[in-house]
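K.L.:
here are the coordinates; sequence isn't available:
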């Protein structure tokens, strides 16, 4: 045997689990070591000038283009030669590689390098454990799996033997869920004032929702009124007075929220051309300032026009003059 005693000890050493990577392929998890790590281990064990690599064969088995995306698959056979005490130890490995890119030249280069790296790792794996030989076994290899022993006090608590080296499952499996006392009627009455108020989602509807504007950390109200949006669409454009118009929501009127527009009360009519121009502008506030227009004042005026509260019959009766009341009495 040509290897030295130091090299033999290094080749018998188990692979550190921290250097093992995993990936999903065809519905299963694969464990592997990276190509740079295999070359680094070869330099450490055999020496920088103690080994060499040669690509014996490489072949493109698939090349395809679909809608501007290129795909290439290569196979390669690599030969590793290690010098040990004047003896050349030769090992070979076969691998495949795949590349996808928008560049035809880059995709072939990527696939070829991946195939050569895969073949190199398989050739190195024949030298033993430091190069991930145990990773090619079916199942999880014990030589690279980190085993966690259970402490003695935990063993006594859970009923395990102190010498048991079974990995500890998730702690949630051993701890029961906390049992809370039933909520009595008295506790319900005490908690009732703490509940956020409910407001009707639509005037006249029986359903309700939480009014977040009344919370400790309040959120702005975002009112929705389709009738008001239709009314704004009937108004002429505030820039050029053209029609028809789009109801544009003033984005700076309220804080931004994911997937939510500002309240419908902050809408102004814009023709399709100015509407697109505004959306292309980066700063909406500056866009309005350049035209010397106050959109918030216009939006407020339009909102008041559609939300004037009609005077009730009782209020109308209270507003009738005393002479009118006296006249009605005499008529009766």
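P.N.:
Now that the structure is in, tell me what you want to look at. Here the structure is a predicted model, which means the values were calculated and not measured. Numbers count the residues shown, from 1 in each chain.
K.L.:
Tell me where the stretch 201-332 of the chain is predicted with low confidence.
P.N.:
Residue ranges of the stretch 201-332 of the chain with pLDDT under 70: 201-219, 258, 309-332.
K.L.:
Mind doing that once more with 50?
P.N.:
201-207, 311-332 (pLDDT under 50).
K.L.:
Which stretches in it count as strands?
P.N.:
Using DSSP state E, counting those that start in this stretch, the strands of the stretch 201-332 of the chain run over residues 208-210, 246-249, 267-270.
K.L.:
for the stretch 51-200 of the chain, same thing?
P.N.:
51-66, 69-84, 87-101, 198-200.
K.L.:
Run the angle between the third one and strand 69-84 for me.
P.N.:
Between strand 87-101 and strand 69-84, the angle formed by their directions is 170 degrees, by axes from the mean of the first three to the mean of the last three CA atoms, to 10 degrees.
K.L.:
And the first one, by the same measure?
P.N.:
Here strand 51-66 points in a direction 170 degrees away from that of strand 69-84 (the same axes, to 10 degrees).
K.L.:
which residues touch strand 51-66?
P.N.:
42, 70-83, 92, 104, 108, 111-112, 115-116, 119-120 (CB atoms under 8 Å, 6 or more residues apart in numbering). Every residue, glycine included, has its C-beta placed from N, CA and C.
K.L.:
Show me just the buried residues among these.
P.N.:
Neighbour-count burial (16 or more other CB atoms under 10 Å) is assigned, among the contacts of strand 51-66, to 42, 70, 72-80, 82, 108, 111-112, 115-116, 119-120.
K.L.:
For stretch 36-55, buried residues please.
P.N.:
37-39, 41-42, 45-46, 51.
K.L.:
Same list (those) but as TSV, adding pLDDT, distance to residue 98 and secondary structure.
P.N.:
Shown next, in TSV, are the buried residues of stretch 36-55 (pLDDT from 0 to 100; distance: CB to CB, whole Å; DSSP: H, G, I helix; E, B strand; the rest coil):
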residue	pLDDT	distance to residue 98	secondary structure
37	87	21	helix
38	86	19	helix
39	90	21	helix
41	87	25	helix
42	87	25	helix
45	87	30	helix
46	86	30	helix
51	89	27	strand
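K.L.:
Would you map out the domains in the protein?
P.N.:
Using automatic domain parsing, the domain parsing of the chain gives 5-136, 226-306.
K.L.:
Residue 220: which of those is closest?
P.N.:
Across the domains of the chain, residue 220 has its closest neighbour in domain 226-306 (4.8 Å, CB to CB).
K.L.:
contacting residues for residue 39?
P.N.:
residue 120 are the contacts of residue 39 under CB under 8 Å, 6+ apart.
K.L.:
again, only using 10 Å
P.N.:
The neighbours of residue 39, taking CB atoms under 10 Å, 6 or more residues apart in numbering as the test, are 51, 53, 117, 120-121, 124.
K.L.:
neighbouring contacts of stretch 100-110?
P.N.:
Counting by CB under 10 Å, 6+ apart, 60, 63-65, 68-74, 97-99, 111 sit against stretch 100-110.
K.L.:
can you list the strands of the stretch 51-200 of the chain in CSV and add distance to residue 265?
P.N.:
CSV is the format used below for the strands of the stretch 51-200 of the chain (distance: least, CB to CB, whole Å):
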stretch, distance to residue 265
strand 51-66, 50
strand 69-84, 48
strand 87-101, 50
strand 198-200, 16
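K.L.:
Among the buried residues of stretch 36-55, which one sits closest to residue 264?
P.N.:
Closest approach between the buried residues of stretch 36-55 and residue 264, by CB to CB: residue 37, at 59.6 Å.
K.L.:
hmm, back to that, among the strands of the stretch 51-200 of the chain, where is the model least confident on average?
P.N.:
Lowest mean pLDDT of the strands of the stretch 51-200 of the chain: strand 198-200, a mean of 51.
K.L.:
on that earlier part again, redo the contacts of residue 39 as JSON lines? Include distance to residue 289.
P.N.:
Formatted as JSON lines, those follow (distance: CB to CB, whole Å):
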{"residue": "51", "distance to residue 289": "71"}
{"residue": "53", "distance to residue 289": "67"}
{"residue": "117", "distance to residue 289": "59"}
{"residue": "120", "distance to residue 289": "64"}
{"residue": "121", "distance to residue 289": "63"}
{"residue": "124", "distance to residue 289": "68"}
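K.L.:
tell me which of those residues is nearest to residue 285?
P.N.:
Relative to residue 285, the closest of the contacts of residue 39 is residue 117; by CB to CB it sits at 54.5 Å.
K.L.:
list the contacts for that closest one?
P.N.:
Residue 117 touches 34-36, 38-39, 76, 78, 95, 97, counting by CB under 10 Å, 6+ apart.
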